[in-house]
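In: Quick one: sequence plus predicted model below, questions after.
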There are 2 protein chains.
Amino acid sequence: MHARGVSHRRAECPVARTVDVIGDRWSLLIVRDVLDGIGRFSELQRNLGLAKNILTTRLRELVAHGILEVVPAADGSAYHEYALTPKGRELFGVIVALRQWGEAHMFDEGEPHSRLLDSEHQLPVRYQVTDAEGRPITAGDAFVRKVRQHP
Amino acid sequence: MHARGVSHRRAECPVARTVDVIGDRWSLLIVRDVLDGIGRFSELQRNLGLAKNILTTRLRELVAHGILEVVPAADGSAYHEYALTPKGRELFGVIVALRQWGEAHMFDEGEPHSRLLDSEHQLPVRYQVTDAEGRPITAGDAFVRKVRQHP
């Protein structure tokens, strides 16, 4: 899964380590689908329009990284399904961030798109980056402190 | 930039449209670096350890998608640099989400990693998904409403 053999496995940057295991459009869309309750190989294949061998590879990698696990089918049949582990379910935040940016920038005015709603109010889910006191911040309000400055 | 010729440009799902333009580890790491103030081609190349031709292609795509723009060097020299457009700067939320997941799941206990701090308090930045009333939610508290259910 490492493009051109490069791995960020030992990087000190958490962004680099994350994209090393999930920084791939198909992996991200598989996680999106499983979050939406799609767990069967055939359903994932149909929904993603992805070749079987590529889907097989991506699923295997996501299982190896502890993001997905193979479970018995929910309907009690002999099939198995893919489910998110607790670690995988926490990618919810990443998927929501990708969604919110897409809603803001990838649709024309009035063009319809799917919506992520909270179950209780059926209103759009929101995400926000905040400072330690809970105040919303943007890119200009933050900076990265490297490890070497903090031995 | 579309893996195997597949494009989600007309997808109704904002996640799909976003990963279509940014769902690639190098594009995400370039955005991370430019957010951190790295704008020169040579600096990006050194920091990412990426082949020149691949970096050139990725930068061109990010410019074509309106995420990066080419600007004169900040030091007044003849060089040019890459800067994020307002649309590109809003990917801050995506990068923070990737970082937060990586901090939680990709480092051993006590293993050092870089930190994203807010400029005012120099305390870690936080990222939260909430319902419309601002209460934190997780994956189990939300669902996707497709366009076809809302003509």
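Out: That came through fine. Numbers count the residues shown, from 1 in each chain, chains lettered A, B, ... in the order given.
In: Look up the closest residue to A:Val34, ignoring the ones flanking it.
Out: A:Leu84 (5.4 Å; C-beta to C-beta, 6 or more residues apart in numbering or on different chains). C-beta here means a position set from N, CA and C on the backbone, and glycine is covered the same way.
In: That neighbour contacts A:Leu35, doesn't it?
Out: Yes. Counting by C-beta atoms under 8 Å, A:Leu84 touches A:Leu35, with 6.7 Å between them.
In: more crowded one of the two?
Out: A:Leu35 (22 against 19; other C-beta atoms under 10 Å in any protein chain shown).
In: Isn't the more buried one up against A:Arg89?
Out: Yes. If you go by C-beta under 8 Å, A:Leu35 and A:Arg89 touch, sitting 7.4 Å apart.
In: which residues are common contacts for these two?
Out: B:Ala139 (C-beta atoms under 8 Å, 6 or more residues apart in numbering or on different chains).
In: quick one: the strands in chain A?
Out: Along chain A, the stretches classed as strands by DSSP state E are A:68-72, A:80-84, A:115-118, A:126-130, A:142-145.
In: okay, these in a markdown table with mean pLDDT next?
Out: Shown next, in a markdown table, are the strands of chain A (pLDDT from 0 to 100):
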| stretch | mean pLDDT |
| --- | --- |
| strand A:68-72 | 96 |
| strand A:80-84 | 95 |
| strand A:115-118 | 95 |
| strand A:126-130 | 94 |
| strand A:142-145 | 94 |
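In: just to revisit the earlier point, intersection of neighbour lists for A:Leu84 and A:Leu35?
Out: By C-beta under 8 Å, 6+ apart, A:Leu84 and A:Leu35 have these common neighbours: A:Leu91, B:Ala139.
In: The nearest residue to A:Ala83 once chain neighbours are set aside - how many residues pack around it?
Out: Counting by C-beta to C-beta, 6+ apart, A:Ala83 lies nearest to A:Val71, which is 4.7 Å off, once chain neighbours are set aside. By other C-beta under 10 Å, 11 other residues sit near A:Val71.
In: quick one: contacts for the nearest residue to A:Glu69 once chain neighbours are set aside?
Out: Distance criterion C-beta to C-beta, 6+ apart; nearest residue to A:Glu69, sequence neighbours excluded, is A:Thr85 at 5.3 Å. A:Thr85 makes contact with A:Gly66, A:Ile67, A:Leu68, A:Glu69, according to C-beta under 8 Å, 6+ apart.
In: do the same with A:Leu68
Out: A:Ile30, A:Val34, A:Leu59, A:Leu62, A:Tyr82, A:Ala83, A:Leu84, A:Thr85, A:Gly88.
In: tell me the contacts of the nearest residue to A:Gly102 once chain neighbours are set aside?
Out: On the basis of C-beta to C-beta, 6+ apart, the spatially nearest residue to A:Gly102 that is not a chain neighbour turns out to be B:Pro14, at 3.0 Å. Contacts for B:Pro14 (C-beta under 8 Å, 6+ apart) come out as A:Leu98, A:Arg99, A:Gln100, A:Trp101, A:Gly102, A:Glu103, A:Met106, A:Phe107, A:His113, A:Ser114.
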